[in-house]
Every structure is written in C-alpha cells, then in structure tokens.
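Student: missing the sequence, but the structure's below:
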DNA sequence: GCGAGCATGTAAGTCGTTACATGATTCT
DNA sequence: AGAATCATGTAACGACTTACATGCTCGC
C-alpha cells in the first residue's frame, strides 16, 4: 500500500505521465521509494479509478500520446491521512553487502570490482543530488531556503540522499582498501603452492 | 534469488536453526538483507533439498525440538559463485521518507513524531552495532583487527551499519528541527483565523 | 493466569520483477 | 544499421507479508 502514497507524493511535484513519473521515481532521483514503470502505470490506473488522481489524454505529434495525471483533493487528503500512520522501519536489501559479508569465502577480486562499480554509481548519484540541491536553493542559504520555500519535504529528502551517498562513498573506499590489503597478503601465499 | 545467498552468508557465522537465523537476520543485527522467519524457514528447506545446507534435528527438553542447519561445501561454492555476479543497486523503500516528502501537505506534528520515533530506533540499533564492533575487536585496533581476523566481511558491514545509523541520527535531528520551525511559523497564523 | 520466548510451519493474498508487445523518432 | 528515447500496457512468475495453527516453559 505504500507505493500508492509514494506515487501521490511524487505527484505533488506537479502533474505527470506514467513515463515521466517512472523517471522521477528512479533510484537516481528519488531516495524515498523507487518503483518500476510497470508498477507505476498500474498504480496510476488504480489512483484514477479511486478518484485520487485526475487523468487527461495529451495528444502529441511525432511521439505516442500520453495520459497526464494530477493529484486531486481526495488524493491530498488520503496522503495527509497516510502521514499520520506509524511507519515501519525501512527494508535493508543490498546484494553487494551480501557479497561483502561473504567476501572471505568469495572471489575477492570480484567483490572489490563490485565495490568499485558501486563507487562510481554513488558518485554519479551524489552529483545529481548536489545539482538538484543547488537548483532548489537558487543562491539562498539553507536556513533562508527552509524559511521561505513553499515546500521543504523534497529538500529534506534530497539532503538525506546527498549525505547518505557521501557516507557511502567513504565506506566504499575504506572497505575496498581493507579487502585489497587482504588480497595482497593472501594471494601471493596461495600462488606459491599451486 | 538473493535471499538464498543472504541466508547462506548468515550460515557462515556458524550453524543455526531457522528461529536463530531469523533473529540473526533481524533489522537490529543484520544490515545487508533482512528477512522474515517464514521466508527463512522456506529457504532453509530449499537449501537442504538442493544440498547447499546440511540439516540435523536437535532434541530439546522443555522446549520444542529444532532443526539445525550447516552450510555445505556445495553451499560455499554457490556463495562464491554469487560473489562474482554483478549486483544491482539496493532498493530504497522507507515509509517515513514518503511522509517527509509529503510533510508540507501532511500532518506536521505527526510527521515530527514519526521522525522522533525513528530516532530512538536508530539510537538503539547504533548501540547494538557499537557493542558488536567492540566484541569483534576485543581490544585490538581496527588495523590490527583487519590484519589478523579470520574473516573481515562481517566487520566491514558492521561498520557500514554503524556509520549509517550515525548519519541517520544527524539527519533526523536536522530534519526534525526544520519541520519544528515550520510548525511554529504556520500553526499560530492558522489559529488566528478559525 | 497471561504474555513473552522458543520452535516450525501452511495458506492465502499482495507486491514486485521480467519478458513480451507495439511503433514512431532521434542520435551515433 | 542499430540503439536509445518516448509511451503504455499485459501476462506470468517469483518474492514477500499476514494470518493462522500448535504447544510447552518461564517470569511477573
């Protein structure tokens, strides 16, 4: 049921088609709930059926037509009700960390390569967050922005995303170094007894 | 398919029954993949069926008997193969953050209360992580530990968990303050025009 | 006496992923 | 020529949650 409210919350940023929303709710932009396009299309239909979103068909030339959705008053009310409900702790699911957990028994060079790949992904996301934060602030100081902006929720989440990516980068570098040291000490020894 | 490897990785910490593993893989202890007990029972059965885990029944008095599982050679090989596969970026799913995103339209005091509740949860988890890190190190310095320990994967993940909880606490405090300021500025104004 | 912890599971239902289908346009 | 972007969806499958079932012991 959370997907429903994640989609509604995303519609607060303005009307959107399913496709656009799919990009908005991509890992690189949204750090509160990512969803696949197929999920979003289905949820938008349900939202419309339940009167929480209005839909209108926009005819386009040279590309397929699209359905543009807007959050309704009832949608906002439902979202408001949701904010009062207790939240369960987030789900922690990260394949890379399973590999780190099993690194000592696993293929060390492969795990290290995985950490490095994640590092570049994180760095890319960090850059996106930094740019978004800048474009939200438009020169204002943070306190200024928080005092004057119409909405601050998206900004709060953006900063969380940025801080987490930074933290993540630091950890990835540290963990990579630790596994590299281990590799240097264990693999020459193994090589001597084939 | 990742649950399978998460369970195998948890079995590297030693043999365990489904119930024990359920506690090991709880949010408070494991930060790489949390799973419900029902999921774990089912996965252990499959693991045993596929020869990746050995099972033995342990008769107990005064409490129900239990099935204790051990990872097999084939299980370790499967886990090793898994470490070579590419990892997808983790799933970001946090109900609380949806509420933060919608905070401006939602019930501000409720969102603030939610952040505070999460704060105590994080503080509790942080304490657990700190204690676990201490018990892993047993007085040794970090470099010393990383150089001498038989396995370092669990320690790397533990530090990640600790750092993330710390970061999280800082963000929660900052976001709470921002939403409190907003509440102070908006609710007296509203109260004047009923 | 009652809830919490120990211990394992089934069944039903919801949620989410992957593959497939279609088809024009623009970039490399 | 082939891939990527725009655009929406269906169908099948797999993952995950929630509720239910059972039953004994220990502490309050």
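Tutor: Right, received. Where do you want to start? Everything numeric here is computed off the predicted structure, so don't read it as measured data.

Student: In contact with residue A:54, which residues?
Tutor: Counting by Cβ atoms under 8 Å, 6 or more residues apart in numbering or on different chains, residue A:54 touches A:48, A:69, A:70, A:71, A:72. In short, each C-beta sits where N, CA and C put it, glycine included.

Student: Ignore what I typed, I meant residue A:148.
Tutor: Per Cβ under 8 Å, 6+ apart, neighbours of residue A:148: residue A:140.

Student: In helices only, show me the contacts of residue A:54.
Tutor: Counting by DSSP state H, those place residue A:48 in helices.

Student: Show me which pair in the contacts of residue A:54 is furthest apart.
Tutor: A:48 and A:71 (10.9 Å; Cβ to Cβ).

Student: Give me the more crowded residue out of those two.
Tutor: residue A:71 (24 against 16; other Cβ atoms under 10 Å in any protein chain shown).

Student: Using neighbour counts, pick out the buried residues of the top helix by length along chain A.
Tutor: Identified as the longest helix of chain A according to DSSP H is helix A:153-192. Neighbour-count burial for helix A:153-192, counted by 16 or more other Cβ atoms under 10 Å in any protein chain shown, picks out A:153-169, A:171-172, A:174-176, A:178-179, A:182.

Student: From the contact counts, what lies against it?
Tutor: helix A:108-137, helix B:95-101, helix B:142-148, helix B:153-192 (3 or more Cβ pairs under 8 Å, 6 or more residues apart in numbering or on different chains; DSSP states H and E).

Student: at 6 Å instead, please
Tutor: Packing contacts for helix A:153-192, counted by 3 or more Cβ pairs under 6 Å, 6 or more residues apart in numbering or on different chains; DSSP states H and E, involve helix A:108-137, helix B:95-101, helix B:153-192.

Student: tell me how far it is from the chain's mean position?
Tutor: 19 Å (Cα atoms, centre = their mean, to the nearest Å).

Student: what's the angle between that helix and helix B:108-137?
Tutor: Here helix A:153-192 runs at an angle of 20 degrees relative to helix B:108-137 (axes from the mean of the first three to the mean of the last three Cα atoms, to 10 degrees).

Student: Mean confidence (pLDDT) on helix A:153-192, please.
Tutor: On average, the pLDDT along helix A:153-192 is 91.

Student: Equivalent analysis for stretch A:15-29, please.
Tutor: The average pLDDT for stretch A:15-29 rounds to 91.

Student: go on, stretch A:67-74?
Tutor: pLDDT averaged over stretch A:67-74 gives 98.

Student: for it, which positions count as buried?
Tutor: A:67, A:68, A:69, A:71, A:72.

Student: Contacts for it next, please.
Tutor: Contact with stretch A:67-74 is made by A:8, A:11, A:15, A:17, A:44, A:51-58, as judged by Cβ atoms under 6 Å, 6 or more residues apart in numbering or on different chains.

Student: Closest to residue B:114 out of those residues?
Tutor: For those, the nearest to residue B:114 is residue A:8 (17.1 Å; Cβ to Cβ).

Student: Show me the domain layout of chain A.
Tutor: As assigned by automatic domain parsing, chain A contains the domains A:2-84, A:95-192.

Student: does any bit of the first one sit next to DNA strand D?
Tutor: In other words, domain A:2-84. Yes - residues of domain A:2-84 contacting DNA strand D under Cβ under 7 Å from any atom of the strand: A:17-20, A:23, A:37-38, A:41-42, A:44-45, A:60, A:63-67.

Student: returning to what we had before: ok, the contacts of residue A:54 vs residue B:116, which is closest?
Tutor: Nearest to residue B:116 out of the contacts of residue A:54 is residue A:71 (Cβ to Cβ; 27.7 Å).

Student: ok, now how distant is the nearest residue to the closest one once chain neighbours are set aside from residue A:43?
Tutor: The spatially closest residue to residue A:71, leaving aside those adjacent along the chain, is residue A:11, at 4.2 Å (Cβ to Cβ, 6 or more residues apart in numbering or on different chains). Using Cβ to Cβ, to the nearest Å, one gets 11 Å for the distance from residue A:11 to residue A:43.
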